[in-house]
Structure formats: C-alpha cells, structure tokens
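**Student:** what's the 3D shape of this:
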Amino acid sequence: MVSLERNRLTGDMRIVFRTQRRRVWSKVSAKPVRLKQLGQCASVERGVDYFTEEFERRFKAALSSGGVGQAMVRDLAGRRCAVQGVEVEGRPSPLSYRLLDGQDNLPPVVFLHGMLSNKNIFQAEAKALAQQTGRKVLTVDPQNHGESPHSPDCSYAAMSADLQALLSKLGLTPCVLIGHSMGSKTAMTFALQKPELVECLVSVDISPFVATENPNIFKIVPAMNSINLLGNLSDSQAFEVVDECLKLSVKDPSIRQYLFNSLVQVDGQYVWKAILATLSQQQNQILDSLQIQGVYRGPTLFLTIRPFHHPKIKLLFPEAQFQIIPDTSHILRIKKPHKFMNSILNFLS
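**Tutor:** Numbers count the residues shown, from 1 in each chain. Below is the predicted model:
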C-alpha cells in the first residue's frame, strides 16, 4: 500500500510506504532516491512512465486533495525533488447531486448547503428557481455529507476542487453559486480560485473571515452523537424525540429543524448522514478564515452579514452588495423562506 501525505509542518508532500519493501515506479525529476518507510526504504526511479495501479490511485487522490499539480518528496539526505507525471482531475470519489433541467443558454444555479445538512434542504428552492427562471439548478452534497463519500480532507481548497471536477463533468460553467455557511465558504473559495467559471455569487450568513457571532455548530455534535433511535418509529415520532433531546443544547428551533434534514433510517436505525467524527476533527480549518489568494470581481450578494465585516469583504469581492434581513437567524431559509427566495430572484434579475 502506498500513499502520498502532506507534512503538516513544512507543507511538503511525501510518499509513505506502508507495506513490505517493494519497488514502485514513478517519474521523479531528480536522480533515483530512496524514501523513508517506517524504518525501511524503497527506490523510486526517473524516466519510467508507468505506475502500479495502487500507487497511481493513491497518488492521484493525494495530489488532488492537496490542491496541487505536483508533489515534493524528500530523500534520506533531506533533499527535495518534485514528483510529477500523473494527470490530476479532482478527487477520485464522485459527489452526490441532483440536477433539474433548464435552458442551455442561461447560466445554471448551484446550491451548496451548510455544515451537517444535505442537498435535500434546498429542494424547494431549487424547484422554484428552475420553474421561475428557466435555469438548470444543481444541488450538491460535499464529501462527508449526505450521500457523498467520506474523505479525511475537509479543507475548502479540497471541497472547491471537488466542485470544479463535478461542474466540469456536467458542463455547468459559468454558473451562479449560492452557498449557505460552510457551503458559502466553498463557493467563495471556488470564485476566488476560478473567477472565470462563476457568473455571480450569493453568500448566505457567513463571512470569508472568522465570524464569532455565528453559532459554533460543532458544540451540537456531542448531543447528536448521544441520540440512539431504533427504526420502529415513524419519521415524525423520531423527529419529536430528537427535538426533545436537542433542546438543552440547541435553543434555536430553526437549527433543530435544519438538523432533522440529516436524520435518516438505515438498517433499522436512525443515523445522521453527516460524518460527524471527521468533521469534528477538522473543525478548526472549517471555522477559520479562508486562506485563499485572489479577487472575485463579479456580482456578489452577501445576505445578513454584519457591517463590521464589509470593508474586508470588499477587498476580496469588490462588487459585493450587502443585504440585511431583520428578525432572522443563521438558518435564514427556514426562518424567512420567502424573503430568502425574493432576495435571490431580485439579485438574479
């Protein structure tokens, strides 16, 4: 088994061999080197243009999740050399999505949901937009959510790369990106990295910077993990039980309603669709400010963003407009669904 991993201290990528000593082929832009493997070594030679299947699969995955086009490895003397030669096209696991058909001559709309939710939460908005605007509308589950696969990498660069691969596959660029919370940070990352692929952007109740005024949804995870429900309950009964269990930790009923969207019945047991353990381990980078270079100069709407964030946001999104919807909460689409949709429709028109 071979993998390529990022050194957290240096940011470099290195090949790690996890099995017995074996010969692995790759292209290396340096003399043959011997690479560390838990006390063992294996040789990597240059000039060979084929790979073992396992090496190629893991190499692609590691490169893609790192968001880079090449990797750096170190020989036993500590010298760095670049490993190249594999075409990288997004992370290997496909995202789960739902696409509503529409006109080809209009930029499609892409909804990106927030933490611990799934694509079904925007189902009503997606249908309404498709009917009222004639556009194609895509709803997507990022990895570790809904029906998309599990991944240990929850960085916004990785989620943006996943989105780019999917949109390229479906031929849905340039597009309109509408993101809520974590989904909004993914949308902003994508727009800053690939501005030519984004027609316009809507960010719902999240800033690209650390926002202490927003609820830390990770505080809810222990309460979610403590719930153990058998599948002999109806959905409505299960939701009533979960609502009672979460009330002590989650005071806002709109957030509890938001969480119900991820409660599903699997093999006679109610479970959460989101991979809670992985997301909790990555919470610092999920909650942190975006670490992305770039400027997006297209039309941008920020819904319910506190004014003290506006000047910094304008540096990254010079055409940003700001709209405050009063008497609402972080889950804007549940608390004020009509005003949420009207804001989007007015912006698109």
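**Student:** which intervals of the stretch 51-200 of the chain have sub-threshold pLDDT?
**Tutor:** 51-93 (pLDDT under 70).
**Student:** If we ignore the residues flanking it in sequence, what's nearest Ser249?
**Tutor:** For Ser249, ignoring the flanking residues on the chain, the nearest one in space by C-beta to C-beta, 6 or more residues apart in numbering is Ala223 at 4.0 Å. From N, CA and C alone the C-beta is placed, and that goes for glycine too.
**Student:** Show me what the helix or strand His338 falls within is packed against.
**Tutor:** Element membership for His338 (DSSP states H and E) is helix 337-348. Using 3 or more C-beta pairs under 8 Å, 6 or more residues apart in numbering; DSSP states H and E as the contact definition, the elements that helix 337-348 packs against are helix 123-133, strand 198-204, strand 300-303.
**Student:** quick one: that helix to chain centroid distance?
**Tutor:** 24 Å (C-alpha atoms, centre = their mean, to the nearest Å).
**Student:** and what of stretch 130-147?
**Tutor:** Distance, centroid of stretch 130-147 to centroid of chain: 14 Å (C-alpha atoms, centre = their mean).
**Student:** And that stretch, what's buried?
**Tutor:** For stretch 130-147, the neighbour count (16 or more other C-beta atoms under 10 Å) marks 130, 133, 135-146 as buried.
**Student:** Alpha carbons of that stretch, as PDB, please.
**Tutor:** C-alpha atoms of stretch 130-147 as PDB (Å, rounded to 0.1, in the frame of the first residue of the first chain):
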ATOM      1  CA  ALA A 130     -35.900  26.200 -12.100                       C
ATOM      2  CA  GLN A 131     -39.600  27.000 -12.700                       C
ATOM      3  CA  GLN A 132     -39.400  30.700 -12.300                       C
ATOM      4  CA  THR A 133     -36.100  31.400 -14.100                       C
ATOM      5  CA  GLY A 134     -35.900  28.500 -16.600                       C
ATOM      6  CA  ARG A 135     -32.300  27.800 -15.500                       C
ATOM      7  CA  LYS A 136     -30.800  24.400 -14.700                       C
ATOM      8  CA  VAL A 137     -30.400  24.000 -11.000                       C
ATOM      9  CA  LEU A 138     -27.900  21.800  -9.200                       C
ATOM     10  CA  THR A 139     -27.900  20.800  -5.600                       C
ATOM     11  CA  VAL A 140     -24.700  19.100  -4.300                       C
ATOM     12  CA  ASP A 141     -23.500  17.100  -1.200                       C
ATOM     13  CA  PRO A 142     -19.800  17.800  -0.400                       C
ATOM     14  CA  GLN A 143     -17.800  14.800   0.900                       C
ATOM     15  CA  ASN A 144     -18.700  13.700   4.400                       C
ATOM     16  CA  HIS A 145     -22.300  14.900   3.900                       C
ATOM     17  CA  GLY A 146     -25.500  13.300   2.500                       C
ATOM     18  CA  GLU A 147     -24.800  10.500   0.000                       C
END
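**Student:** neighbouring contacts of stretch 167-175?
**Tutor:** 90, 97, 99, 107-110, 136, 138, 196-199 (C-beta atoms under 8 Å, 6 or more residues apart in numbering).
**Student:** Okay, domains of the protein per the record?
**Tutor:** Split into domains by automatic domain parsing, the chain comes to 2-84, 96-213+281-348.
**Student:** In space, what's closest to Ser207 - neighbours in sequence excluded?
**Tutor:** His309 (4.4 Å).
**Student:** I'd assumed Asp205 was in contact with that neighbour.
**Tutor:** No - at 11.2 Å, His309 does not count as touching Asp205 under the criterion of C-beta atoms under 8 Å.
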